[in-house]
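In: I'd like to go over a predicted model; first the sequence, then the structure.
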Amino acid sequence: MDYLAGLNEPQRKAVEHIDGPLMIIAGAGSGKTRVLTYRTAHLIDKGVDPFSILLLTFTNKAAGEMRHRIETVIGSQAKNIWMGTFHSVFAKILRFEGERLGYTSNFSIYDTDDAKSLIRTLIKEQNLDDKVYKVNLVLNRISNAKNRLIGPEQYLNSPVLEQEDRYAKIPMMGQLYKLYCTRCFQANAMDFDDLLFQTNILFRDHLDVLHKYQHKFKHVMVDEFQDTNVSQYLITKKLSAVHRNICVVGDDAQSIYAFRGADIQNILNFERDYADLTTIKLEENYRSTKAIVAVANSVIARNKNQLKKDVFTSNEDGDQIEIIRAGSDNEEGRIIASSIFETCQKEGLHFSDFAILYRTNAQSRSFEESLRRLNIKYRIIGGLSFYQRKEIKDVLGYLRFVVNQQDEEAFKRIINLPKRGIGDTTIAKISLTAAEQNSTVWDVVANINQFQGVRGTAPIEQFADLIKSYKLMVEVEQKDAYEVASHVAKTSGLVRELYEDKTVEGLARYQNVQELLNAIKQFVDSEENEDKSLATFLQSVSLLTNADTTEDPNDKDKVTLMTVHSAKGLEFKHVFLVGLEEDLFPSQMMLQSQADLEEERRLFYVAITRAEKKLMISYAESRYQFGRLKSCEPSRFIDELDSTYLKMAKTPEKKDTSNFRPVQKTGFVEKSTSASAAQLIQKPKQNTNYQHVPSTNFVQSDPMSLAVGQRVEHQKFGFGTIQKLEVNGAERKAHILFEQGVGEKTLLLSFAKLMIIA
Ligand SMILES: Nc1ncnc2c1ncn2[C@@H]1O[C@H](COP(=O)(O)OP(=O)(O)OP(=O)(O)O)[C@@H](O)[C@H]1O
Ligand SMILES: [Mg+2]
């Protein structure tokens with residue numbers, strides 16, 4: 001097969017190794033994911049049934065892309081592979097098998113907000129002090145326990161945990177955990193960690209189910225293996241125990257989820273657990289230039305705790321890594337936005353060739369503003385995504401409750417929405433009654449007259465009737481997701497309320513709900529989804545990860561903004577790695593030990609290795625944080641980069657009126673013996689070893705504020721609007737459409753005196 005021609009020797013060996021356990025631990029960009037893709041195609045080519053292949057990826061998006069690639073090699077059979085994230089694959093299995101554990105196939109998936117809301121309710125019900133029992137703390141303890149496969153009973157019986165909790169002054173923690181599990185169970189709901197935790201219980205307690213899947217999955221493969229936690233590790237181990245065809249790929253240097261329980265130990269355990277293990281190393285990087293690979297190596301070499309690897313590349317030397325110093329976070333945004341604008345024009349690149357990577361989601365603001373000013377399209381991955389918006393969650397809340405009337409969190413969200421005059425006390429009473437009687441909120445609501453102490457029952461009855469009519473559509477008439485959702489949106493009063501709100505925000509919310517309905521329509525129309533039920537749609541939405549997007553696939557030419565965590569496994573021609581300041585990256589909050597520092601450094605390594613052609617690293621000298629202006633120091637990580645491959649970009653000063661000169665290509669400078677990167681940062685202008693990149697400014701007066709769509713005033717031509725900005729060598733031009741019959745003019749910005757109209 002010719003796909004084997006696209007592989008180097010060790011990659012090919014990995015693809016052709018079909019029987020028995022296989023581990024590939026290899027550096028970034030060395031083709032691990034490519035090997036998994038081709039290996040899957042190869043297996044099917046050799047006659048393996050696609051239904052018997054389980055391929056676990058880091059995001060749904062990655063699974064989609066791999067499926068697509070496999071399809072181009074072996075055709076439509078690729079559709080039948082079991083592929084997706086751990087959470088999505090095991091949610092699917094739990095839908096089939098959850099009855100064994102007492103869940104119905106319609107169980108809800110609680111997101112973090114639901115989980116927190118439930119914890120808040122429990123803290124209140126137990127009369128605990130919410131300043132001591134902080135919701136996040138409690139949720140973290142629960143999550144950690146589940147990921148280590150410690151159930152509530154075991155938790156309550158553990159002297160170690162008890163002592164920890166007493167020390168943290170939260171002695172009721174174990175009780176809370178137990179109540180939390182009971183309430184989730186009564187609500188027929190699982191949280192994210194449950195999807196793995198309950199799968200483990202399913203396989204532990206129901207051996208017939210385990211056997212079924214052990215025999216079903218003849219080949220199990222895991223990408224990004226370094227980021228699996230114990231719970232995930234055990235699932236894969238059990239599933240592959242019969243056929244023993246397990247193939248894992250990963251890079252210990254890219255392990256960045258220890259804070260969520262991922263355990264690098266899994267890689268070491270793997271060698272212990274499979275005596276006949278074949279291990280393959282891949283060391284050639286195909287993604288990045290020599291300069292990028294070299295700086296990445298120089299950084300990761302500082303970590304003590306790692307497996308030995310020598311990553312090299314035969315790719316071109318490439319440009320030096322640019323270090324950009326900005327006066328402030330806003331300036332950082334402006335420099336980068338205009339650099340993207342210029343590079344696109346000069347080098348004929350697409351916006352989608354660029355990524356801006358940051359340590360925390362909050363950093364996106366200054367980049368968004370600057371990109372918008374220059375009319376550069378962008379997309380933000382992660383952060384407050386579409387499905388986390390209030391109006392969307394409200395509609396989804398209705399849909400969830402229609403599918404699963406035990407879902408207490410959905411119930412609390414919608415019972416008084418739109419307002420029906422049902423107060424918090426009544427709602428709390430309904431919840432408590434259901435919990436005490438070991439029944440569900442729906443039992444209480446649907447039979448409200450039988451319950452003492454709940455007053456003003458008329459609106460509750462109306463609500464119950466509404467839900468009953470929706471249930472009829474789903475359960476009896478078997479309407480598809482779109483029919484139900486559009487009916488619910490209309491008749492629940494949600495859309496009407498938004499429609500009547502004529503503010504800009506109201507309009508945006510109304511449009512968002514329409515957009516949700518569009519998405520549901522797309523889901524129903526798509527050939528890929530056989531099951532068009534509301535339950536299946538809701539599941540697919542709850543399983544979107546931070547790194548998944550839900551955007552229009554035809555509108556892809558956008559700059560990508562995301563955290564480094566979400567960027568794992570991805571690649572971009574040009575990468576801007578921003579906010580490289582002490583306390584921000586490495587993150588002050590995460591930094592409590594040497595091990596934490598190593599994890600931050602691995603994160604830095606992940607970020608660097610996303611870049612194919614060019615890497616630019618920036619820091620700001622001041623930044624607003626928590627509402628205060630703070631001066632910042634460059635990150636120690638900049639100092640760790642091999643300075644041979646660095647150059648300082650000269651940063652624009654406020655009154656910089658120097659003429660624009662084109663950026664000159666520089667080769668590698670001689671390795672500097674005198675200057676470390678840190679010295680360079682403090683005294684950039686005195687170091688002659690480094691080429692200064694000229695300013696990226698546009699016009700003299702206020703360089704960064706010129707943008708397409710901007711209104712300006714010209715001494716002679718009057719008012720106009722910028723149509724296009726152009727850079728041609730040293731010349732910078734603006735095409736401006738002037739008003740009052742003057743028409744379009746092309747002006748040289750170095751001469752034109754323009755006033756910017758706010
Ligand atoms: N043998 C090869 N020939 C040509 N290109 C290759 C080869 N192997 C990998 N590549 C390309 O190199 C890039 C990196 O590959 P891939 O994403 O599979 O690496 P990876 O090891 O999974 O990286 P990461 O550690 O970041 O997940 C991809 O664009 C891939 O198509
Ligand atoms: Mg990969």
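Out: That came through, no problem. None of the values given here were measured: they were computed from a predicted structure. Ligands and ions are numbered 1, 2, ... in the order given.
In: can you give me the strands in the stretch 501-650 of the chain?
Out: 559-563, 572-577, 611-620, 622-625, 628-631, 646-649 (DSSP state E, counting those that start in this stretch).
In: winner for burial among those?
Out: Between the strands of the stretch 501-650 of the chain, the one whose residues have the most neighbours on average, counting mean count of other CB atoms under 10 Å, is strand 611-620 (a mean of 25). Quick note: C-beta positions are derived from backbone N, CA and C, even for glycine.
In: Check which helices and strands that strand is in contact with.
Out: Helices and strands touching strand 611-620, by 3 or more CB pairs under 8 Å, 6 or more residues apart in numbering; DSSP states H and E, are helix 290-300, strand 321-326, helix 329-347, strand 572-577.
In: repeat that with 7 Å
Out: The helices and strands touching strand 611-620, judged by 3 or more CB pairs under 7 Å, 6 or more residues apart in numbering; DSSP states H and E, are strand 321-326, helix 329-347, strand 572-577.
In: Could I get the average pLDDT for the second one?
Out: Confidence over helix 329-347 (mean pLDDT, whole number) is 94.
In: moving C-terminal of that helix, what's the next helix or strand?
Out: Per DSSP states H and E, helix 329-347 leads on to strand 354-358 as the next helix or strand towards the C-terminus.
In: Can you list the strands that that following strand pairs with?
Out: Counting by DSSP bridges, the strands paired with strand 354-358 are strand 559-563 (parallel), strand 572-577 (parallel).
In: quick one: which of those strands is nearest Asp45?
Out: For the strands paired with strand 354-358, distance to Asp45 was read as CB to CB. The smallest value, 31.2 Å, belongs to strand 572-577.
In: relative to strand 321-326, how tilted is that closest one?
Out: Per axes from the mean of the first three to the mean of the last three CA atoms, to 10 degrees, the angle that strand 572-577 makes with strand 321-326 is 40 degrees.
In: touching ligand 1 at all, strand 572-577?
Out: No. Under the criterion of CB under 6 Å from any ligand atom, ligand 1 is not reached by strand 572-577; the shortest gap measures 10.8 Å.
In: Can I get that strand in CSV? Just the C-alpha atoms.
Out: Extracted as CSV, the C-alpha positions of strand 572-577 are listed here (Å, rounded to 0.1, in the frame of the first residue of the first chain):
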residue,chain,number,x,y,z
PHE,A,572,0.4,25.9,13.1
LYS,A,573,2.8,27.6,10.7
HIS,A,574,3.2,30.6,12.9
VAL,A,575,2.9,30.6,16.6
PHE,A,576,2.8,33.5,19.0
LEU,A,577,3.4,32.4,22.5
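In: next one: that strand to chain centre, how far?
Out: Average the C-alpha atoms of strand 572-577, do the same for its chain, and the two points are 17 Å apart (CA atoms, centre = their mean, to the nearest Å).
In: and what of stretch 450-467?
Out: Here the centre of mass of C-alpha atoms in stretch 450-467, compared against the chain's by CA atoms, centre = their mean, lies 41 Å away.
In: Can you get me the start-to-end distance on that stretch?
Out: The stretch stretch 450-467 measures 19 Å between its terminal residues, going by CA to CA, to the nearest Å.
In: List the buried residues in the biggest helix by length in the chain.
Out: Taking DSSP state H as the assignment, the helix of the chain that covers the most residues is helix 504-525. By neighbour count with 16 or more other CB atoms under 10 Å, helix 504-525 contains the buried residues 509-510, 512-513, 516-517, 519-521, 523-524.
In: So what's the model's average confidence on that helix?
Out: Within the predicted structure, the mean pLDDT of helix 504-525 is 87.
In: which strands and helices sit next to it?
Out: On the basis of 3+ CB pairs under 7 Å, 6+ apart, helix 504-525 makes packing contacts with helix 390-403, helix 481-491, helix 494-500.
In: what comes into contact with the following helix or strand past the first one?
Out: Okay, so that is helix 390-403. Of the helices and strands lying after helix 390-403 in sequence (DSSP H and E), the nearest is helix 408-414. With contacts defined as CB atoms under 7 Å, 6 or more residues apart in numbering, helix 408-414 is touched by 108, 110, 114, 117-118, 183, 187, 393-394, 397-398, 400-401, 427, 431, 441.
In: Quick check: the farthest pair among the residues you listed?
Out: Spatially, the most separated pair among these is Arg183 and Asp394, at 21.8 Å (CB to CB).
In: among the strands paired with strand 354-358, where is the model least confident on average?
Out: Mean pLDDT is lowest for strand 559-563 out of these, coming in at a mean of 95.
In: Output it in CSV with nothing but the alpha carbons.
Out: Presented in CSV, the C-alpha positions along strand 559-563 are these (Å, rounded to 0.1, in the frame of the first residue of the first chain):
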residue,chain,number,x,y,z
VAL,A,559,-6.5,33.1,13.6
THR,A,560,-6.8,30.6,16.5
LEU,A,561,-6.6,31.8,20.1
MET,A,562,-6.4,29.2,22.8
THR,A,563,-4.6,28.1,25.9
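In: If I take it and helix 329-347, what angle do their directions form?
Out: The directions of strand 559-563 and helix 329-347 differ by 140 degrees, with the same axes, to 10 degrees as the criterion.
In: residues from the stretch 451-600 of the chain in reach of ligand 1?
Out: Residues of the stretch 451-600 of the chain lying near ligand 1 by CB under 6 Å from any ligand atom: 569, 571.
In: Residue of the stretch 451-600 of the chain nearest ligand 1, please.
Out: Closest approach between the stretch 451-600 of the chain and ligand 1, counting by CB to the nearest ligand atom: Gly569, at 4.2 Å.
In: contacting residues for that residue?
Out: Residues in contact with Gly569 (CB under 7 Å, 6+ apart) are 33, 58, 62, 224.
In: Tell me the spacing between Gly47 and ligand 2.
Out: Using CB to the ion, to the nearest Å, Gly47 is found at 27 Å from ligand 2.
In: Hmm, Val712 and Leu754 touching each other?
Out: Yes. Counting by CB atoms under 7 Å, Leu754 sits close enough to Val712 to count as a contact (4.6 Å).
In: tell me which helix or strand of the protein sits lowest on mean pLDDT?
Out: Of all the helices and strands that make up the chain, helix 677-682 has the lowest average by mean pLDDT, DSSP states H and E, namely a mean of 42.
In: Quick one: name whatever helix or strand follows it.
Out: Toward the C-terminus, helix 677-682 is succeeded by strand 711-714 as the next helix or strand (DSSP H and E).
In: That next one pairs with which strands, parallel or anti?
Out: With DSSP bridges as the test, strand 711-714 is paired with strand 718-728 (antiparallel), strand 754-756 (antiparallel).
In: Ok, which of the ones you listed comes nearest Ser370?
Out: When these are compared for distance to Ser370 using CB to CB, the nearest one is strand 718-728, at 13.8 Å.
In: buried residues in that closest one?
Out: Of the residues in strand 718-728, those with enough neighbours to count as buried (16+ other CB under 10 Å) are 719-722, 725, 727.
In: Please work out which residue of the stretch 51-200 of the chain is closest to ligand 1.
Out: In the stretch 51-200 of the chain, no residue comes nearer to ligand 1 than Phe58, which is 8.6 Å away by CB to the nearest ligand atom.
In: who touches the residue nearest to Lys178 when sequence neighbours are not counted in this structure?
Out: Distance criterion CB to CB, 6 or more residues apart in numbering; nearest residue to Lys178, sequence neighbours excluded, is Pro152 at 3.9 Å. Pro152 sits next to 174, 177-178, 181 when contact means CB under 7 Å, 6+ apart.
In: please redo it, this time with the cut-off set to 6 Å
Out: Listed by CB atoms under 6 Å, 6 or more residues apart in numbering, the contact partners of Pro152 are 177-178, 181.
In: quick one: which of those has the most company?
Out: Counting by other CB atoms under 10 Å, Tyr177 has the largest number of neighbours within the contacts of Pro152, with 25 neighbours.
In: Ile109 looks like it's in a helix, true?
Out: No. Counting by DSSP: H, G, I helix; E, B strand; the rest coil, Ile109 falls outside a helix, being strand.
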